[in-house]
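Q: Okay, sequence plus prediction incoming.
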Amino acid sequence: MQRIIKNEQIVDETWHLLDKEASLDGLPNSDDLIVPLRLWREHAHALKARDGGLGVWLDADEAVEDIADDLTHFQIVALNFPVFTDGRHYSSARLLRERYGYKGEVRAIGDVLRDQLFYMRRCGFDAFAIRPDRDPDDALKSLKDFSVTYQAATDDPRPLFRRR
């Protein structure tokens, strides 16, 4: 079972992340699922009728605006980083929190590394599925890498000069 970082703790993953080619055939009704955007678009009605939890994941080329009207249906919005150098979803996390007021879990998935977590959290992420070849215990320590931040962000909207 994969372990993830959620709310600054390491927990066992309980959600099933469906791949891009997934279909509704044979899916249990009560499992908690994170579905790709394509599957949500094609089967939103059936997915809303399920008993289990529902989340959606967006690839780097898919925009948060595409799900803005549906955010109330999702307990998790997972944002995929296909490579660690692709930072488009940092903006997506901020949009979810600041523009759309999303209060559910925003999870980083894909090529997620220790060095990114501190900055991801500042943008609005609160859960991280670290790459399987990396140690989540070590990655958790990165959330404490810096004790002072200068800029305003989703975790503290006040810049340093306003905190004095």
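A: Arrived safely.

Q: which SS class is the most centrally placed residue in the chain?
A: Computing the C-alpha centroid of the chain and ranking residues by CA atoms, centre = their mean puts residue 107 first, at 1.7 Å. For residue 107, the assignment made with DSSP: H, G, I helix; E, B strand; the rest coil gives strand.

Q: ok, now which ones touch it?
A: Applying CB atoms under 8 Å, 6 or more residues apart in numbering to residue 107 gives the contacts 4, 6, 34, 55, 76-79, 125-129. The C-beta positions use only the backbone N, C-alpha and C, and glycine is treated the same way.

Q: then the lowest-mean-pLDDT helix or strand in the chain to CSV, C-alphas only?
A: Lowest by mean pLDDT, DSSP states H and E among the helices and strands of the chain is helix 160-163, with a mean of 83. What follows is helix 160-163, C-alpha atoms only, in CSV (Å, rounded to 0.1, in the frame of the first residue of the first chain):
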residue,chain,number,x,y,z
LEU,A,160,6.4,39.5,5.9
PHE,A,161,6.2,43.3,6.5
ARG,A,162,2.5,42.8,7.5
ARG,A,163,3.3,40.1,10.0
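
Q: List the neighbours of it that are in contact with it.
A: Identification of contacts with helix 160-163 by CB under 8 Å, 6+ apart yields 148-151, 156.

Q: for the chain, what spans make up the strands?
A: Assigned by DSSP state E, the chain shows strands spanning 3-6, 9-12, 16-17, 33-36, 54-58, 76-81, 105-110, 127-128.

Q: Please work out the average pLDDT along the third one.
A: Spelled out, that is strand 16-17. Across strand 16-17, pLDDT averages out at 94.

Q: helices or strands next to it in the packing?
A: Strand 16-17 is packed against strand 33-36, with contacts defined by 3 or more CB pairs under 8 Å, 6 or more residues apart in numbering; DSSP states H and E.

Q: Who does the strand it packs on pair with, and is each partner parallel or antiparallel?
A: Strand 33-36 sits in its sheet next to strand 16-17 (parallel), strand 54-58 (parallel), going by DSSP bridges.
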